Each structure stands twice: as C-alpha cells, then as structure tokens.
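Visitor: model the structure of this input:
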Amino acid sequence: MRRFLPLLLLAISAPALATISVKRSDDHPRTLNIDIVNEPLSTAVRSLELYLPLPVEIFLSSDPAVTYRARAVGPVTALRALAAMAHVTLYADSERYWLRSEGERAVNLDVKDEDARVILKSMQRQCGIKNLILDPDVQGKGTFLFRDLDCRTAFDVVFRTLGLKSISYSSSVVTVSSRH
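Guide: Prediction:
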C-alpha cells in the first residue's frame, strides 16, 4: 500500500484532465448530450461540427479553454453557448458558421480587375498594417468580393490568387513579392 500512496496523492492533487464527449441523446434523437471539460474551443467545435447542418470556420487570435455540459441540447444551441462562453462572435450565412474573436479585424473588398497594389493598400488600411513594403515585381490584376473576411484569410487568398508571397517581420512590417 505504501508504494501506491504517492500515486494516489498525485492523482488526487492533479488538475482535471481535458475531456470531450458529444453523443446523440437517447431520449431525443435530434439533441445531444455534451460533456466538454477544459478543452480548446477549436477542439470542442470540431467535435460538435459533425452534428451541425453547416461547417464552421474559426478565426481566433487565441484558443481559449472551455468547459460545457448539457443534456438534450440542439447542436446549434450548443455552438452558440460555446461561442458565448469563449467571448467570440458567431456569424452564419447560407454556407457556414463563422467564429471570430471580438477584436479581430476584417476586410471588406469589392473590386473587379483592380491593380494588385491598390488591392493590397486597401487591405493594409483595413487590417491596420503600419508598413507594407511592395517589391517592384508585384503586378497583376484581381477580382475579389470579401465581406467581413478576417485579415489573415483575405491576405492568403489574394496572395495565392495573384502569385504573391509575404514575409512578416512584426505586426507592423510586411513585405510582399512575387512567388516566381
């Protein structure tokens, strides 16, 4: 018994382990029984996403741990509760749900055959990038329609579409050049 006493004391004093359980309710087939203990929000949402009618896009500056327990709850209601607990905003459109940090900057862009430099400068202003350095080989035109798209994704889409790459030295300095 003395050999097991240190293990027993360690088990009692250790913090609760992270766990997730999302299962269909036996009583109500369209509802879920959910037990989420100390899990990152992204992991909790991914386990819940199997039961949601639409996929979820997650854009968070940090991934807070959440604990949520519910019986016979609808999957969309659970998603709303998780978003509220993590203090993030939940948006929905006809194709997906969006989770975004409250302070996350977004891009709104509606351009057709616009010069790459004009597009990047507009995104620079909207995303609060202080210094955007464009290589002389940055050229091309693009057509984009973004509505409340987070900055990281907007830049990624524009860079891939126009064949560009970037290097971020800090949140205030970004250089852009051609991939070729």
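
Visitor: which parts of this protein belong to which domain?
Guide: Listed by automatic domain parsing, the domain ranges of the chain are 15-101, 106-178.

Visitor: lowest confidence element among the helices and strands of the chain?
Guide: Sorting the helices and strands of the chain by mean pLDDT, DSSP states H and E puts helix 5-13 at the bottom, at a mean of 46.

Visitor: helix or strand: which one has Ile133?
Guide: Ile133 is part of strand 131-134 when elements are defined by DSSP states H and E.

Visitor: repeat that for Thr153.
Guide: Counting by DSSP H and E, the element that carries Thr153 is helix 151-162.

Visitor: pairing partners for Asn131 in the sheet, please.
Guide: In this structure, Asn131 bridges to Val173 when assessed by DSSP bridges.

Visitor: can you pull the contacts of Phe144?
Guide: Phe144 makes contact with Leu109, Asp110, Val111, Glu114, Ile119, Val157, Val158, Thr161, according to Cβ atoms under 8 Å, 6 or more residues apart in numbering. C-betas here are computed from N, CA, C, even on glycine.

Visitor: count the residues that sit near the fifth one.
Guide: Same thing as Ile119. Here the count is done by other Cβ atoms under 10 Å, and Ile119 has 22 residues near it.

Visitor: let me know the secondary structure of Ala78.
Guide: The local conformation at Ala78, judged by DSSP: H, G, I helix; E, B strand; the rest coil, is helix.

Visitor: quick revisit: which members of the contacts of Phe144 are the farthest-apart pair?
Guide: Maximum pairwise distance in these, criterion Cβ to Cβ, is 15.2 Å, between Asp110 and Thr161.
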